[in-house]
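Novice: Provided below are the primary sequence and the corresponding predicted coordinates.
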Amino acid sequence: MHMISPNIILEVSTNGLEGYITINEANSNEGNSDEVLDLNEIIDKIREIIKYGLDEEKLVSLLTTSGPVYKECIARGVSPIDGKDGYIKYYFDLEKKSKPKIREDGTVDYKELDIINNISAGEVLAELIPPKPGKNGIRVTGETIAYKMGKLPRLKYGKNVKLLDDGKTLVAEKSGLVTIIGGKVVVLDVLKVENVDNNVGNIRFDGTVLVRGNILNGFKVEADGDVQVNGVVEGGYIENTGNVIVKKGIQGYNKLVVKTRGSLSTKFIENSVISSYQSITAEYIMHSEISCRENLTLLGRKGLIVGGICRAGKQIRAKTVGSMMSTNTTLEVGIDPEIRDKYKGITDQIKDYEANIKKIEKTIFLLEKMKKTNGLDMEKDAIYIKLLKTKESLVAEHRELIELRSSFEDKVKNATRGRIIVEDVVFPGVKIVIGNSSMIVRHEMKNSVFYVEEGEIKVRPHWE
């Protein structure tokens, strides 16, 4: 705050971007004559402080207007314009999804998936776009306000990719599949086989696997990349870090068939256990245990789920769920299936520990009773001491499991997100679970969206 004269106060805002004047009612001719200033002297004194953005026309108007003035803005500085962050420009499609093409007649074309980013040696894969500079600001007092520099991203790359001498361009060293793994741009080799059977044996490959035919019962494909099967998976097993495409379908014989950190797309799934870290797309699912962290989508004319249990972290969408025979079918959304499984596994362990502790306590009680009446021989005494130590160990481990379960408990109990969309019919007997809420469908319902509101599952019409 600056006293320009006995009745004129000049203030500068904390950020230095505004200057304000206050003129009190006091008569400028009163008091010490040395303190009486004329208009030009007042303006000159203000100019000594306000060196940028002064609105002199407004200032003169305020100074020559009768009556008090309270904190009127007479000067404005310029805010700095921060620099824009740099970014990485990718020359391949980052958004390709393992989602099949739906024809005009409603059928699904599992040949037109277009999810593979094939590139040739020497192709440019990514380019580092540097940050753009900003513009400095200026305070009303004349000082410069420096702008913030934009962030410079880091180019990360790995297998079969090199950085050019310009320090900002990534190119492929060889032809293959370009993708991003662990935040790094990599080019994966593609392994192509006719069938996974007796002639090939189990496959463990650091890259993408293309099976032109089928994966037969008892054989495995483990890959650090995508897996595409043009035929069927019939009791085989796939575990990988990328996406999985099975063009004709999966018959699992009630075993774990697919465990993927990517998405799964297939025509049908029957009698299978499937686990996906991302989304699953199929035309129909029957009598299977399905688990995915994102969305489960049933496409095509059938769009059917019947029998078994299907879990998705975010959304389940189908045309028909259940059957006229009231086949046991459960749909669950709202909780990461992995968290739910861990929570259930820990809860089951706790029950086992509690049962074992009770058995040991009963035996200890009997031995202590014997000890008080007739005493214990050496063999029984050794058993008694061993049981005491075992109980102590089990109680400690039980306590650790209780603490571990509590870390998952809030996530399970408070989950309310997620929804289930059924475009046609939900048959009676279908169980709907969203987060920690559940309901049984008692009568046939059509065009329904299931969601949670105020802790209860509610249903509204599906109008999309």
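Specialist: Looks like it came in fine.

Novice: got the residue ranges for the helices in the stretch 301-450 of the chain?
Specialist: Taking DSSP state H, counting those that start in this stretch to define them, one finds helices in the stretch 301-450 of the chain at 337-373, 378-413.

Novice: Could the C-alpha coordinates of stretch 372-386 be exported in CSV?
Specialist: Output in CSV follows, covering the C-alpha atoms of stretch 372-386 (Å, rounded to 0.1, in the frame of the first residue of the first chain):
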residue,chain,number,x,y,z
LYS,A,372,-4.8,-82.2,35.9
THR,A,373,-6.3,-85.6,36.7
ASN,A,374,-3.6,-88.3,35.9
GLY,A,375,-0.8,-86.3,34.3
LEU,A,376,0.6,-86.8,30.8
ASP,A,377,3.2,-89.3,29.7
MET,A,378,6.2,-88.2,27.7
GLU,A,379,4.5,-88.8,24.3
LYS,A,380,1.3,-86.9,25.1
ASP,A,381,3.3,-84.1,26.8
ALA,A,382,5.3,-83.7,23.6
ILE,A,383,2.1,-83.5,21.6
TYR,A,384,0.7,-80.9,24.0
ILE,A,385,3.7,-78.7,23.7
LYS,A,386,3.7,-79.0,19.9
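
Novice: Flag every buried residue along it.
Specialist: Applying a neighbour-count criterion of 16 or more other C-beta atoms under 10 Å, one finds 376, 384 buried in stretch 372-386. For the C-beta atoms, the positions are set from N, CA and C on the backbone; glycine is no exception.

Novice: hmm, who's touching that stretch?
Specialist: Stretch 372-386 is contacted by residues 364, 367-368, 370-371 when judged by C-beta atoms under 8 Å, 6 or more residues apart in numbering.

Novice: try stretch 453-463
Specialist: Residues contacting stretch 453-463 (C-beta under 8 Å, 6+ apart): 416, 421-423, 432, 434, 437-439, 445, 447-452.

Novice: returning to that earlier point: now, which of the contacts of stretch 372-386 sits nearest Asp348?
Specialist: Using C-beta to C-beta, Ile364 is the member of these that sits closest to Asp348, with 24.7 Å.

Novice: From Lys446, how far out is the closest one?
Specialist: Counting by C-beta to C-beta, to the nearest Å, the separation of Ile364 from Lys446 is 61 Å.

Novice: Over to Ile440?
Specialist: 17 Å.

Novice: circling back to that earlier point, more neighbours, Ile364 and Lys446?
Specialist: The neighbour comparison of Ile364 against Lys446 (other C-beta atoms under 10 Å) goes to Ile364, with 16 against 11.

Novice: now that one, nearest residue through space, not along the chain?
Specialist: Spatially, and ignoring its direct neighbours in sequence, Ile364 is nearest to Leu387 (5.3 Å; C-beta to C-beta, 6 or more residues apart in numbering).

Novice: pLDDT on the one helix or strand Ser61 maps to, on average?
Specialist: For Ser61, the host element (DSSP states H and E) is helix 56-64. The average of the pLDDT scores along helix 56-64 is 91.

Novice: For that helix, buried residues please.
Specialist: Those would be 59, 62-63, for helix 56-64 by 16+ other C-beta under 10 Å.

Novice: Mind naming the longest strand for the chain?
Specialist: strand 249-260 (DSSP state E).

Novice: Contact partners for Lys148?
Specialist: 80, 82-83, 134.

Novice: buried ones in stretch 169-182?
Specialist: 169-172, 175-180.

Novice: nearest to Ala146, of those?
Specialist: The closest of the buried residues of stretch 169-182, once distances to Ala146 are taken by C-beta to C-beta, is Thr169, at 30.8 Å.

Novice: which regions of the stretch 251-400 of the chain lie under the pLDDT threshold?
Specialist: For the stretch 251-400 of the chain, not a single residue meets the criterion pLDDT under 70.

Novice: Spatially nearest residue to Val425 (excluding sequence neighbours)?
Specialist: Nearest to Val425 is Thr320, by C-beta to C-beta, 6+ apart, at 5.2 Å.

Novice: Understood, closing this out.
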